[in-house]
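Undergrad: would you be able to build a 3D model of this:
(chains A and B)
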There are 2 protein chains.
Amino acid sequence: MSAPRRRLDVIAHHLNPVTVDPSTDTVLAMEDERNKTSFDVRELTYFLDGGKKTTQLKERLMLSIERDPDMRNDDHYDLTKDEIRERTMKKFRNMAHYVTTDDEQTSFLRLALVSIVDPGFWTRFGVHYGLFFNALRGSANDNQMSYWLERGAASLNGIIGCFCMTELGHGSNVQALETTATFDEATDEFIVHTPSLTATKWWIGGAAHSATHSVVFAQLIIKGKKYGVKSFVVPLRNPEDYSLKPGITIGDLGKKMGRDGIDNGYVQFSHVRIPRLYMLMKHTKVSREGKVKEPPIAQLTYGALITGRTAMVVDSSASSKRMTTIAIRYACVRRQFSATPGSPETKLIDYAMHQRRLMPLLAQTYAMQFAGDKLLKMYNECTKKLQNAGGADEEATKEALDILKEMHATSAGLKAFCTWSALEAIDKCRQTCGGHGYSAYNGFGSAFADFAVHTTWEGDNTILALQAGRSLIASYKDAVKGVKLAAGVSYLNRREDLKKASAGKRSVTDFEVIKESWQACAAVAVEKAALLFEEAVGKQGKTQDQAYEYTSQLRFLAAQVHTRGFLVTGFLETVESAPADIQKVLKPLALLYAMWSIEENSGLFLQAQYFSSEQIDQIRVYVSDLCLEVRSQCIGLTDAFNMSDYFINAPIGTYDGNIYPKYFDRINKSSPPGQDHPYFEKIIKPLINRNMEEPDDIEEEEEEEDGEEESKD
Amino acid sequence: MSAPRRRLDVIAHHLNPVTVDPSTDTVLAMEDERNKTSFDVRELTYFLDGGKKTTQLKERLMLSIERDPDMRNDDHYDLTKDEIRERTMKKFRNMAHYVTTDDEQTSFLRLALVSIVDPGFWTRFGVHYGLFFNALRGSANDNQMSYWLERGAASLNGIIGCFCMTELGHGSNVQALETTATFDEATDEFIVHTPSLTATKWWIGGAAHSATHSVVFAQLIIKGKKYGVKSFVVPLRNPEDYSLKPGITIGDLGKKMGRDGIDNGYVQFSHVRIPRLYMLMKHTKVSREGKVKEPPIAQLTYGALITGRTAMVVDSSASSKRMTTIAIRYACVRRQFSATPGSPETKLIDYAMHQRRLMPLLAQTYAMQFAGDKLLKMYNECTKKLQNAGGADEEATKEALDILKEMHATSAGLKAFCTWSALEAIDKCRQTCGGHGYSAYNGFGSAFADFAVHTTWEGDNTILALQAGRSLIASYKDAVKGVKLAAGVSYLNRREDLKKASAGKRSVTDFEVIKESWQACAAVAVEKAALLFEEAVGKQGKTQDQAYEYTSQLRFLAAQVHTRGFLVTGFLETVESAPADIQKVLKPLALLYAMWSIEENSGLFLQAQYFSSEQIDQIRVYVSDLCLEVRSQCIGLTDAFNMSDYFINAPIGTYDGNIYPKYFDRINKSSPPGQDHPYFEKIIKPLINRNMEEPDDIEEEEEEEDGEEESKD
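TA: All right, here's what the predicted structure looks like:
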């Protein structure tokens, strides 16, 4: 095979990226763009991170991740499912070390950074610490907690956990789970059992290969009576050799749309016995005699749900940062068509339509980041208050329940609409990169596939949006009764004024006008849903549940407008309270997000009669103008996200703009030229070198005129 | 390893699908749903296929595909890139046989069916027949055609072709390609050359492993003069052993977002010499002396572009058929939450919101099918007229150019908006299936990844939409001049009346009102774009190109409304001309599509003042009502797509509704239980069985008080 070898030489000589002049057009173009930046990028990074110290801490962590040989990602896009899974498990040990030694902030930042590099690993690791361990923390009593800690629940020394909630036939409706945990008083044990195929625990992250133990959600049954779904620790495997415990059946769920690093499996229990005290008894308790003591305030047990939602809002902006950085850098150096024949082609970023496609997504990324910050603050406050709740201090418990309620509604809406927006943004960014966006090595395909699950897990987006809408109707009813509402929904107290309000002769870009417009639009949307709901329970005599079902479309709309308003208003408020220098940078971005959001929902604003048809046309023009304004700063605005090329992991999104040699290099590293043809002899050769001549037809037998003639000879 | 073996027995005994009672809840639920069907499904299938004979032909082809062992797809989702590529090439031979023996209709149908099963194969195969061979047919003169046919261009005997158009640095702007073809009069040859890294031919389907020959687009240069981009046949490999020809460098582009069955590569030419007559000379001719003769009508050479677009509109409905079938079948048997405690859970399909999510997508699928039918008819007519064009018959040429112009604008808009809608529909359907939509084995992930490329190749969607908008502005200008326009845009002749029109007191569901509403809305949108354009060239003194650029956002909007109107109107017209029985079935679906389309664009309709705010509210209610109406027929309406379980290839979308055992079975076939742990010893054991005790600290050396003391002893 001398020909391929010769070809390899040609490549080495002419096309090795090292021999390409670094001052190519694209590099100069990127320098040009970067030079347009009129603000201090570093200061904006500090602002986004919440201060210089955090930026420095993040950079220290980024360095340690980049240098970790197990965290290499240059070959990530080429790994098979089995290879990714093995690689993912390799990362576990390192990270386990850090989780047990890092302080809380460091740990949070480290995991957020790892999530950008390898979402599958983040999940696999999160199943142990986020789901299994948090379930223990939230539901084990003190003795139980000590017991599991001693056995390695935090250190991973002898225990890796998984979380058996979902079943093949049951997802969102946790109360309908079929798995049973029946108390056997004689032996002081629970018998955990899978009674049917649909009761099979499904989608269990870590079950296929990683976990030794599981927190299992099952119907508590004592002396024939059902007490609802509770959680139990059930050992699955012997840590010494990973053989299965008796009565445990485990299967591998195999390939998924994305996140193949997580080894999802199914689990079936066949009359598996566990000690009574393996039931987690912080809330509901079962005594030696099988007496059940329910907790006084059931809601407090649901706090854990909001952890995941908060993380996903944060992840929405993190993902968008990476995607917009790639697409915008590409647009700043890629050229296509020239304005006048013979002149250099125009950069993509200079096309009005291209600005229209990317600048609003950049603004949205910032909006989601600020909403995530706000939610995270609320979450930390909420967690603190929950720790003091449930005890003797009734006031503390009431406060905790209030903030939990608001947190639930806000996090539900934000989780749904931010993950939807971020998922859409990934593919929109991909499309702006044309064919090169379709190469695995530029990251969009796997980013979409990995992110997609955010819309259905930890609360399906549609269900969450409807829950947020339900809570808005409840707030509306309170407002009608004259209750003074919490800040986030206080606009419903002013609904009568808002319904009459309009922009009038005021500027549509005035911050107060914008805020009022969203409140007015949301008030109208919530009222429409609430009135229909009341008609349903009143005139039509439906039950509450039926009435909520009947209003689902309007409830959804109300949640959508309310949440978008939350994002817009939050962005404007962040700008208002920012230092002057930052304010100047962020203002056009905030205005763009606001104007674009109105444009996208123009029908609702027209129906609410807040803006006139002429104002909507004007807003369309503002969107284009603001796109152009933001465009000049777009490299600075993405540089401020402070993601190194390692985190970007896409040659067409490289920092220095030298995209073509780096892309070419990546391709040749992934599939080195000059290799033997993998299937020429076996498959192609017989096809293209086949004999095309039809074999001769079978000749008709000559009809013997008369057999006897021969004998005449 | 006795434990895993024992587990396997448990599975075989308890959970083998064969032992599951077939009359499970889901099977009964599916029967119930199917029994609701109030029309003859078979008749609707005939109608969709264009007649009973076509349905029968399709079924014959479906059978032959299903039975072809090379076309098995039960393991498709688990194949690695290298396995898929090899499998894909295996399918080539069979299909090559059929392409050369099938008549045109059969061939078209067969490839459309194969495209559903394996989009990557469809592309790989299509590169030879659709791109390479069609380029020969369109651009080779008769002698050249005979020459290449004799060498196996149709039979694949010695030739597999690829199509070198796109370059690393150049996509949509074909005229800017860098590759050169320089005439050497001395030897009567062209020298084909890649002058820079960005001139590398990129994304070349079939280049990595399949192709022997290529049609190469390059700048024609003769005696230092450039004549623009022409096409040339360049041999790449020796068919005997697939070694590369001298001067050819080929690399493998590796992993992509989807369609890994196609072996995309890059190609570089280093002063490659080809005979002069390898330039395709049906249009532009180069003589032995290097004299160039350009064709009289350049536009006629662009006919080939519309083939791909038409195929993609057809593929949009085909993909949507499969996706909506899976999601709707799942929704009809999956239960979640019960209306009253203790009663069976409600089917997903019975939730108003779930109907809202799926029924419009079902209606859209039908709309796209009918638009595709219309386009295909137009395409066939166009192709026929093009064959008669360019000769002595000037009338025929004019006719051909007219229809080509209309075909270009219509196919551009439809290709863009249908592929966008279909791509969105895939992920929307995926999301309605919750977690199970994320399993690779239910098909959504790969369907999205495979389909995604439709939005950027063969004319980037945004560019095509803008071209369609440009053509609408041109039509508007004609209308102002009093020119009587073609049927598709004739509403612009009535723009003054339409601008004043409104629904008034007429019903919003009246077919005539709906049609008029879209015409009015489109007329307003086109006029806004056209007036801005005129202002730009007039007052602002911009060039035509600059003015088009300036109006890009409004042009895009105009194309969007126009195309959506085309889809809505086409659907209504199909219903009107259908037999009475079919009309009854399709009418609610058509109305749903129309109402939903207005709801989605409510801002534009309000601005056009065609519908009042109250009517928009009413339309929202109609959408919900129509969703409910269509819901009762949704199994019949998807059954009519006539896709067998083989084509569906998703256990949760199985025809009989027996989703859980089939899904469970598929999982266990893909990852058979009871196998050894792949990396316990290597990775997990050292992690979880590690020694956690910190080694003793190094002891401080005891400070010797005084060295000399010892000597005192």
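Undergrad: where does pLDDT dip in chain A?
TA: Scanning chain A for pLDDT under 70 picks out A:1-23, A:297-304, A:341, A:691-695, A:703-713.
Undergrad: how's it carved up into domains?
TA: According to the TED database, chain A comprises the domains A:161-293, A:303-641.
Undergrad: nearest to residue B:275, of the ones you listed?
TA: domain A:303-641 (31.3 Å; C-beta to C-beta). (Glycine included, C-beta is placed from N, CA and C.)
Undergrad: okay, buried residues for the helix or strand where residue A:316 lies please.
TA: Take DSSP states H and E as the rule and residue A:316 turns out to sit in helix A:305-333. Neighbour-count burial for helix A:305-333 flags A:306-333 (criterion: 16 or more other C-beta atoms under 10 Å in any protein chain shown).
Undergrad: so is it next to chain B?
TA: No. If you take C-beta under 8 Å from any C-beta of the partner chain as the test, helix A:305-333 misses chain B, and the best it gets is 10.1 Å.
Undergrad: elements contacting that helix?
TA: Secondary-structure packing of helix A:305-333 (3 or more C-beta pairs under 8 Å, 6 or more residues apart in numbering or on different chains; DSSP states H and E): helix A:25-35, helix A:104-117, helix A:352-387, helix A:394-432, helix A:444-451, helix A:634-639, helix A:645-648, helix A:659-670.
Undergrad: ok, the residue sitting nearest the centre point of chain A to chain B distance?
TA: By C-alpha atoms, centre = their mean, chain A has its centre lying nearest to residue A:454, at 4.0 Å. Distance, residue A:454 to chain B, using C-beta to the nearest C-beta, to the nearest Å: 10 Å.
Undergrad: for residue A:230, which non-adjacent residue is spatially closest?
TA: What sits nearest to residue A:230 in space, not counting adjacent residues and going by C-beta to C-beta, 6 or more residues apart in numbering or on different chains, is residue A:220, at 4.5 Å.
Undergrad: coming back round to it: thought the residue nearest to the centre of chain A was touching residue A:318?
TA: No. In this structure residue A:454 lies outside contact range of residue A:318 using C-beta atoms under 8 Å: 11.5 Å.
Undergrad: shared neighbours of these two, which are they?
TA: Here residue A:454 and residue A:318 share no contacting residue, scored by C-beta atoms under 8 Å, 6 or more residues apart in numbering or on different chains.
Undergrad: residues contacting the spatially closest residue to residue A:578 that is not a sequence neighbour?
TA: Leaving aside its sequence neighbours, residue A:578 sits nearest to residue A:586 (C-beta to C-beta, 6+ apart; 6.3 Å). Contact partners of residue A:586, counting by C-beta under 8 Å, 6+ apart, are A:366, A:571, A:574, A:575, A:578.
Undergrad: hang on, the earlier thing: out of the helices and strands packed on helix A:305-333, which gets nearest to chain B?
TA: Chain B lies closest to helix A:444-451 among the helices and strands packed on helix A:305-333, at 3.0 Å (C-beta to the nearest C-beta).
Undergrad: after that closest one comes which helix or strand?
TA: helix A:461-480.
Undergrad: specify the angle between that following helix and helix B:394-432 in degrees.
TA: Orientation check (axes from the mean of the first three to the mean of the last three C-alpha atoms, to 10 degrees): helix A:461-480 against helix B:394-432 gives 70 degrees.
Undergrad: buried stuff in helix A:461-480?
TA: A:461-473, A:475-476, A:478-479.
Undergrad: can I get the domains of chain A in TSV with distance to residue B:658?
TA: Shown next, in TSV, are these (distance: least, C-beta to C-beta, whole Å):
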stretch	distance to residue B:658
domain A:161-293	11
domain A:303-641	23
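Undergrad: count of neighbours near residue A:590?
TA: 26 (other C-beta atoms under 10 Å in any protein chain shown).
Undergrad: surely the residue nearest to residue A:230 meets residue A:281?
TA: No. Taking contacts as C-beta under 8 Å, residue A:220 lies outside contact range of residue A:281: 11.1 Å.
Undergrad: circling back to that earlier point, OK, contacts around the nearest residue to the residue nearest to the centre of chain A once chain neighbours are set aside?
TA: Nearest residue to residue A:454 in three dimensions, chain neighbours excluded: residue A:419, at 4.1 Å (C-beta to C-beta, 6+ apart). If a contact means C-beta under 8 Å, 6+ apart, then residue A:419 has A:312, A:313, A:316, A:451, A:454, A:455, A:461 as its contacts.
Undergrad: from those, which is closest to residue B:193?
TA: Nearest to residue B:193 among the contacts of residue A:419: residue A:451, at 42.9 Å, using C-beta to C-beta.
Undergrad: now do the contacts for that closest one.
TA: A:119, A:258, A:315, A:319, A:419, A:422, A:423, A:426.
Undergrad: could you pull up phi and psi at the residue in the stretch 451-600 of chain A that chain B sits nearest to?
TA: Residue nearest to chain B within the stretch 451-600 of chain A (C-beta to the nearest C-beta): residue A:552, separated by 4.3 Å. Per-residue torsions, residue A:552: phi -60, psi -40 (degrees, to the nearest 10).
Undergrad: for the closest residue to it other than its chain neighbours, list the residues it contacts.
TA: Of all residues not flanking residue A:552 in the chain, residue B:353 sits nearest, at 4.3 Å (C-beta to C-beta, 6+ apart). For residue B:353, the contacting residues are A:462, A:466, A:552, A:553, A:556, by C-beta under 8 Å, 6+ apart.
Undergrad: please apply the same query to residue A:291.
TA: With C-beta under 8 Å, 6+ apart, residue A:291 has no contacts at all.
Undergrad: could you do residue A:550 as well?
TA: Residues counted as contacts of residue A:550 (C-beta under 8 Å, 6+ apart) are A:532, A:533, A:536, A:540, A:542, B:352.
Undergrad: and these, which is closest to residue A:180?
TA: residue B:352 (33.2 Å).
Undergrad: the helix or strand harbouring residue A:685 packs against which elements?
TA: According to DSSP H and E, residue A:685 maps onto helix A:685-688. When contacts are defined as 3+ C-beta pairs under 8 Å, 6+ apart, helix A:685-688 sits against helix B:81-101.
Undergrad: could you tell me which residues of the stretch 201-350 of chain A lie near chain B?
TA: Residues of the stretch 201-350 of chain A lying close to chain B by C-beta under 8 Å from any C-beta are A:202-203, A:208-210, A:212, A:239-244, A:248-258, A:266, A:268, A:270, A:334-339, A:345.
Undergrad: what strand or helix carries residue A:226?
TA: strand A:225-235.
Undergrad: how about the CA coordinates for the following helix or strand past that strand, as PDB?
TA: The helix or strand immediately downstream of strand A:225-235 is strand A:248-252, counting by DSSP H and E. Extracted C-alpha coordinates of strand A:248-252, given in PDB (Å, rounded to 0.1, in the frame of the first residue of the first chain):
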ATOM      1  CA  ILE A 248     -32.000  -8.200  42.400                       C
ATOM      2  CA  THR A 249     -32.300  -8.100  38.600                       C
ATOM      3  CA  ILE A 250     -30.500  -5.400  36.700                       C
ATOM      4  CA  GLY A 251     -30.400  -4.600  33.000                       C
ATOM      5  CA  ASP A 252     -28.600  -2.000  31.000                       C
END
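Undergrad: which other residues reach the helix or strand that strand A:248-252 is followed by?
TA: Where DSSP H and E defines the elements, the next helix or strand beyond strand A:248-252 is strand A:265-269. Contacts to strand A:265-269, defined as C-beta under 8 Å, 6+ apart, come from residues A:164, A:168, A:179, A:192-194, A:199-204, A:206-209, A:214, A:216, A:234, A:236, A:247-253, B:15, B:664, B:667.
Undergrad: please pick the buried ones from the residues you listed.
TA: Among the contacts of strand A:265-269, those scoring as buried are A:164, A:168, A:179, A:192-194, A:199-204, A:206-209, A:214, A:216, A:234, A:236, A:247-253, B:15, B:664, B:667 (criterion: 16+ other C-beta under 10 Å).
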